[in-house]
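1. here is my input; please provide its structure:
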Amino acid sequence: PNEDGVMVSRKYVAHIGEDEVGSLAKISEEENTTDPQGTTIIVPCKPGDEAEFTNWVRVTTQYWDVRPDIKGVEEFVWPELTVRFESETPKVWQILSRSGNHYGSYNRGTPKPKGIIDGIPYPLNWDNLQIDTLPADQADILTRLAGYNLILFFDTGDLPLTANREEVDYTPDAIELIRSRLSDLALELRKEISECIGNADNLWEASKKWNKVRHDFRDLVPSVEWKGHIVTGSAPDFSQAKASIWQFNRDWKGGSTFRKQKTYYGCRMTISEKTMLLVDEEENARPSRRRLTTLFNTKSDIETVYVVKLPVEDDVKLAESKKELKLLNFDLYDPKKLSDFVKAPIIRKAKVTTQGVVVSSTVPKIWSFRSNMSSRKDSWIAETDNKLIKDGEGLYVLLFRKEGTMVNGRLATNWWLTEAKKALGNSPDIHGIATKSQDKIGDKWT
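-> As a prediction, the model looks like this:
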């Protein structure tokens with residue numbers, strides 16, 4: 001405002017002549033305004049210098065709370081500063097992402113530590129900090145910090161600058177201040193990470209948090225604990241507890257379907273934001289695909305689930321398994337129950353007859369065996385009459401997804417079934433009956 005308290009705008013131009021003497025001139029009369037901006041400084045650039053001008057505006061002002069506007073340059077974007085950790089007291093120190101996402105010629109490649117003085121970044125030269133004169137443990141920590149994308153904030157006058165104001169002047173007091181700030185940073189960082197992981201709800205969540213930071217910070221924070229338990233970032237091998245471990249992955253197309261990668265015995269699980277631990281106590285041969293379908297449909301962020309299937313068919317084995325799991329701290333990982341997810345409905349595709357009539361499809365429950373086929377699944381031909389299960393007769397094997405299961409639990413090979421047919425004079429036929437229908441098998445079957 002002017003002397004009468006009225007908001008006015010005045011325009012001046014600052015100019016450095018060929019004699020390198022600066023001058024300031026008023027270039028317009030006062031105009032009334034409602035803009036409370038205060039002082040607006042417009043800095044022009046020489047034609048042809050736009051790229052270099054823009055580059056150094058980014059370098060020197062990217063840490064300002066209020067950044068300048070750059071006009072006349074297409075697609076100008078300020079670099080994003082992703083803060084991983086920062087001091088409890090604002091504007092003391094920050095550790096940024098290792099991705100090198102802040103800008104500057106000295107920042108290409110491995111990000112280097114910087115000191116921010118009056119909003120301007122100055123590289124911190126580790127060679128000038130005389131770290132080798134420190135005690136071994138302190139020197140080790142400060143040496144490790146040299147590889148971090150960190151910034152230290154200093155108030156005006158905290159650190160002296162060289163005569164050309166392009167570098168920090170490493171006086172004894174400046175060296176002591178920088179080393180002290182770095183030591184405080186390391187202590188506070190360790191405390192922050194330890195508290196973050198220690199406050200997790202369970203050991204699985206603690207492991208997820210540790211896995212997010214340990215790649216970048218394990219040389220400063222070699223180990224962490226959760227309620228007295230060392231957090232390793234992975235789960236124990238729960239198959240030691242007479243439990244089978246199943247891993248299911250979301251379909252690579254991004255849909256809600258999934259494929260079982262393999263059954264793991266003696267595996268360590270990957271713990272991350274995209275994985276989940278389940279326990280299955282249902283009396284099924286394998287974890288329910290329909291329940292898993294519901295899980296993948298409702299948990300869009302989950303890519304992989306691990307299912308610990310307990311031996312519920314045998315009370316003695318089940319008791320032993322639970323005892324072993326307790327010793328492995330299984331409950332501390334807070335596994336979710338697979339049975340808590342409702343079974344997804346079965347969707348059957350309708351069939352259209354040659355007359356164009358739509359009829360409901362049925363899932364075959366009985367198949368005839370054909371010998372000399374290249375694969376086990378091709379060896380089975382579906383029967384159209386499911387009543388044969390009750391009313392038919394002859395020899396049969398139980399099928400699980402068209403895989404013949406013998407009495408001892410092994411899978412019957414094509415060779416075994418073909419030889420059996422030969423021994424019986426190719427008659428009677430061998431049939432396969434779905435495992436789920438075994439309680440409906442008639443008395444005439446053998």
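
2. roughly how far does the residue nearest the centre of the chain sit from residue 303?
-> For the chain, the residue sitting closest to the mean C-alpha position, by C-alpha atoms, centre = their mean, is residue 273 at 4.6 Å. Per C-beta to C-beta, to the nearest Å, residue 273 is found 9 Å from residue 303. Placement of C-beta: from N, CA and C, glycine included.

3. could you do residue 310 as well?
-> Residue 310 is 24 Å from residue 303, by C-beta to C-beta.

4. what does residue 317 give?
-> 31 Å.

5. of those two, which one has the most company?
-> Relative neighbour count places residue 303 above the other of residue 317 and residue 303, with 19 against 14, counting by other C-beta atoms under 10 Å.

6. out of everything not next to it in sequence, what's closest to that one?
-> Leaving out its chain neighbours, the residue that sits closest to residue 303 by C-beta to C-beta, 6 or more residues apart in numbering is residue 274, at 4.1 Å.

7. tell me how many other residues crowd the one you found.
-> 14.

8. now residue 167
-> With other C-beta under 10 Å as criterion, residue 167 counts 14.

9. quick check, it in contact with residue 124.
-> No: using C-beta atoms under 8 Å, residue 167 is not in contact with residue 124, being 10.0 Å away.

10. burial of residue 71, as a residue count?
-> A count of nearby residues for residue 71, using other C-beta under 10 Å, gives 7.

11. where does it land on pLDDT?
-> Looking at residue 71, its pLDDT reads 81.

12. low-confidence ranges, this protein, go.
-> 1, 36-38, 98-111, 252-267, 347-364, 376-377, 401, 407-409, 426-428 (pLDDT under 70).

13. on that earlier part again, which residues sit in contact with the residue lying closest to the residue nearest to the centre of the chain once chain neighbours are set aside?
-> Nearest residue to residue 273, sequence neighbours excluded (C-beta to C-beta, 6+ apart): residue 208, at 6.1 Å. By C-beta atoms under 8 Å, 6 or more residues apart in numbering, the contact list for residue 208 reads 200, 271, 272, 273.

14. then residue 397?
-> Residue 397 touches 404, 405, 406, 412, 417, 430, 431, 432, 433, counting by C-beta under 8 Å, 6+ apart.

15. which among the residues you listed end up buried?
-> Buried members of the contacts of residue 397, counted by 16 or more other C-beta atoms under 10 Å: 404, 405, 412, 417, 430, 431, 432, 433.

16. what is the burial count for the closest residue to the fifth one other than its chain neighbours?
-> Okay, so that is residue 430. Closest residue to residue 430 apart from its sequence neighbours, by C-beta to C-beta, 6+ apart: residue 369 at 4.3 Å. Neighbours of residue 369 under the rule other C-beta under 10 Å: 23.

17. please look at residue 369 and residue 420 and confirm they touch.
-> No: with contact defined as C-beta under 8 Å, residue 369 and residue 420 do not form a contacting pair (9.1 Å).

18. quickly list what residue 114 is bridged to.
-> For residue 114, the beta-bridge partners are residue 123, residue 151 (DSSP bridges).

19. got a list of what it touches?
-> 121, 122, 123, 124, 150, 151, 152.

20. of the residues you listed, which is the nearest to residue 217?
-> Closest approach to residue 217 among these (C-beta to C-beta): residue 150, at 11.4 Å.

21. distance of that closest one relative to residue 94?
-> 7 Å.

22. neighbour count: the two, which is higher?
-> The residue with more neighbours, out of residue 150 and residue 94, is residue 150; 24 against 20, by other C-beta under 10 Å.

23. doesn't residue 96 make contact with the more buried one?
-> Yes: if you go by C-beta under 8 Å, residue 150 and residue 96 touch, sitting 7.2 Å apart.

24. now the strands: where do they sit in the stretch 301-446 of the chain?
-> 304-309, 336-337, 351-352, 358-359, 366-369, 380-382, 395-399, 404-405, 430-434 (DSSP state E, counting those that start in this stretch).

25. for residue 334, give me its contacts.
-> So residue 334 contacts 201, 202, 203, 204, 205, 277 (C-beta under 8 Å, 6+ apart).

26. just the element for the last one, please.
-> Taking DSSP states H and E as the criterion, residue 277 maps to strand 275-280.

27. so which bits of that strand are buried?
-> So strand 275-280, judged by 16+ other C-beta under 10 Å, has buried residues 275, 276, 277, 278, 279, 280.

28. buried subset of the contacts of residue 208, written for PyMOL?
-> To isolate in PyMOL the members of the contacts of residue 208 that are buried, counting by 16+ other C-beta under 10 Å, one can use:
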select buried, resi 200+271
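
29. and the two most separated of the contacts of residue 208?
-> Pairwise over the contacts of residue 208, using C-beta to C-beta, the maximum falls at 200 and 272, 14.0 Å.

30. distance of residue 446 from residue 379?
-> Taking C-beta to C-beta, one finds residue 446 at 20 Å from residue 379.

31. which of those two has more neighbours?
-> Per other C-beta under 10 Å, whichever of residue 446 and residue 379 has more neighbours is residue 379, with 23 against 8.

32. so the more buried one sits against residue 369, correct?
-> Yes: with contacts counted by C-beta under 8 Å, residue 379 reaches residue 369, the gap being 5.8 Å.

33. joint contacts of those two?
-> Joint contacts of residue 379 and residue 369 (C-beta under 8 Å, 6+ apart) are residue 417.

34. bridging residues for the residue nearest to residue 430?
-> Going by DSSP bridges, residue 369 forms beta bridges with residue 380.

35. show me what contacts it?
-> Taking C-beta under 8 Å, 6+ apart as the test, what residue 369 contacts is 379, 380, 417, 421, 429, 430, 431, 432.

36. tell me, how many residues neighbour the second one?
-> Residues within reach of residue 380, counting by other C-beta under 10 Å, total 24.

37. now it: how far from residue 365?
-> Distance from residue 380 to residue 365, by C-beta to C-beta: 12 Å.

38. who touches stretch 30-43?
-> 2, 6, 7, 8, 9, 10, 68.

39. count residues in the vicinity of the first one, would you?
-> Other residues within reach of residue 2 by the criterion other C-beta under 10 Å amount to 10.
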